[in-house]
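Asks: Next input, structure requested:
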Amino acid sequence: MTSVLTVENITVAYEDYRALDDVTLAVSRGETFGLVGESGSGKSTLLRAIAGLAPVRAGTIRVDGVTLTGTKRSRDFYRKVQMVFQDPYGSLHPRQTVDRILLEPLAIHGVGDTEPRIRRALDEVGLGPSFRFRFPHQMSGGQRQRIAIARALILEPEILLLDEPTSALDASVQAEVLNLLEQVRKERDLSFVMVSHDLGVVTHMCERMAVMRGGKVVEELTSSDLIAGAFKEDYTRDLMTASKGFVRAPKAA
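Replies: Reported below is the predicted structural model:
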């Protein structure tokens, strides 16, 4: 399949600390690609580098074959690539209504027909017109994340960068948001790059994934490989063990 996003030998450094070290991966059009690993492994930094929010010291990022340089991104890039952040409350302006939050990206990009676009965006994430003039503090965490997703979708992008999009939500709400994302991906033929600590979420949502540790990709595998235990690295095995939770040691005889 054609790669819609390619990352080649990317290095991100803050003074002497390398947050990403020679990372390479490719995401196919219409694919959901997962990034897993312990905290500090570089998962979120990779999304931020793609979005132009982290300083790339070396390497190449391409979207639809177009090479990106530096941290400055064009308007065309942000029409194609949008990001959904981990904290739905922190990512929404607390003093703006939903209507203003959804109108802002349309105004920045000079997109007309704002009224039908806002209505469609709210309908698409399962929220009705009654939410248009609410403030973030007047909504639940799941509703706020739906608004964040609606804001990302309103420009009709090709790629969504999802940074732990459900980790701040209750388990029942997590399932609703994940099902919403999967439905939207299929309807729009979107490509996802999803960061998650939860291997259950990744195996449910993603066809392929990269396992990251210390700013490097240590292994790439499919969800089927992960479920079957067909991985090469001990670190991946440790992640699998940790994801199953605490196992009580047998009592001494």
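Asks: drop to CA atoms for contacts and neighbour counts, all remaining ones
Replies: Fine.
Asks: I'd assumed residue 225 was in a helix, is it?
Replies: Yes: judged by DSSP: H, G, I helix; E, B strand; the rest coil, residue 225 forms part of a helix.
Asks: Tell me the spacing between it and residue 100.
Replies: 44 Å (C-alpha to C-alpha, to the nearest Å).
Asks: Dig out what the spatially most central residue of the chain forms beta bridges with.
Replies: Closest to where the C-alpha atoms of the chain average out (C-alpha atoms, centre = their mean) is residue 162, at 1.1 Å. Following DSSP bridges, residue 162 is listed with bridge partners residue 84, residue 194.
Asks: now residue 56
Replies: Beta-bridge pairing for residue 56 (DSSP bridges): residue 12.
Asks: I'd like the distance between it and residue 14.
Replies: 10 Å.
Asks: Once you drop chain neighbours, what's closest to residue 213?
Replies: Nearest residue to residue 213, sequence neighbours excluded (C-alpha to C-alpha, 6 or more residues apart in numbering): residue 41, at 4.5 Å.
Asks: sorry, that was for residue 47
Replies: residue 161 (6.4 Å).
Asks: in this protein, which spans are helices?
Replies: Here the chain has its helices, by DSSP state H, at 43-51, 75-80, 98-108, 114-124, 141-153, 171-188, 199-205, 223-228, 234-243.
Asks: Output those helices in CSV; the columns should cover mean pLDDT and distance to residue 211.
Replies: Output for the helices of the chain, formatted as CSV (pLDDT from 0 to 100; distance: least, C-alpha to C-alpha, whole Å):
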stretch, mean pLDDT, distance to residue 211
helix 43-51, 95, 9
helix 75-80, 91, 26
helix 98-108, 95, 33
helix 114-124, 92, 32
helix 141-153, 92, 25
helix 171-188, 88, 21
helix 199-205, 87, 11
helix 223-228, 89, 11
helix 234-243, 87, 7
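Asks: any chance of those in CSV, plus distance to residue 28 and mean neighbour count?
Replies: CSV is the format used below for the helices of the chain (distance: least, C-alpha to C-alpha, whole Å; neighbours: other C-alpha atoms under 10 Å):
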stretch, distance to residue 28, mean neighbour count
helix 43-51, 15, 22
helix 75-80, 14, 15
helix 98-108, 26, 18
helix 114-124, 24, 17
helix 141-153, 19, 24
helix 171-188, 13, 15
helix 199-205, 15, 18
helix 223-228, 15, 15
helix 234-243, 23, 14
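Asks: Now tabulate those in CSV and tack on distance to residue 18.
Replies: Listed next are those as CSV, based on distance: least, C-alpha to C-alpha, whole Å:
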stretch, distance to residue 18
helix 43-51, 11
helix 75-80, 26
helix 98-108, 33
helix 114-124, 38
helix 141-153, 29
helix 171-188, 32
helix 199-205, 25
helix 223-228, 28
helix 234-243, 20
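Asks: closest one to residue 32 among those helices?
Replies: For the helices of the chain, the distance to residue 32 is smallest for helix 199-205, at 6.7 Å, taking C-alpha to C-alpha.
Asks: now the end-to-end length of stretch 222-241.
Replies: Using C-alpha to C-alpha, the end-to-end distance of stretch 222-241 comes to 18 Å.
Asks: what distance separates that stretch from the middle of the whole chain?
Replies: Chain-centre distance of stretch 222-241: 21 Å, with C-alpha atoms, centre = their mean, to the nearest Å.
Asks: Likewise for stretch 219-229?
Replies: Distance, centroid of stretch 219-229 to centroid of chain: 20 Å (C-alpha atoms, centre = their mean).
Asks: can you tell me how far the closest residue to residue 109 other than its chain neighbours sits from residue 97?
Replies: Of all residues not flanking residue 109 in the chain, residue 75 sits nearest, at 7.1 Å (C-alpha to C-alpha, 6+ apart). Distance of residue 75 to residue 97, computed by C-alpha to C-alpha: 24 Å.
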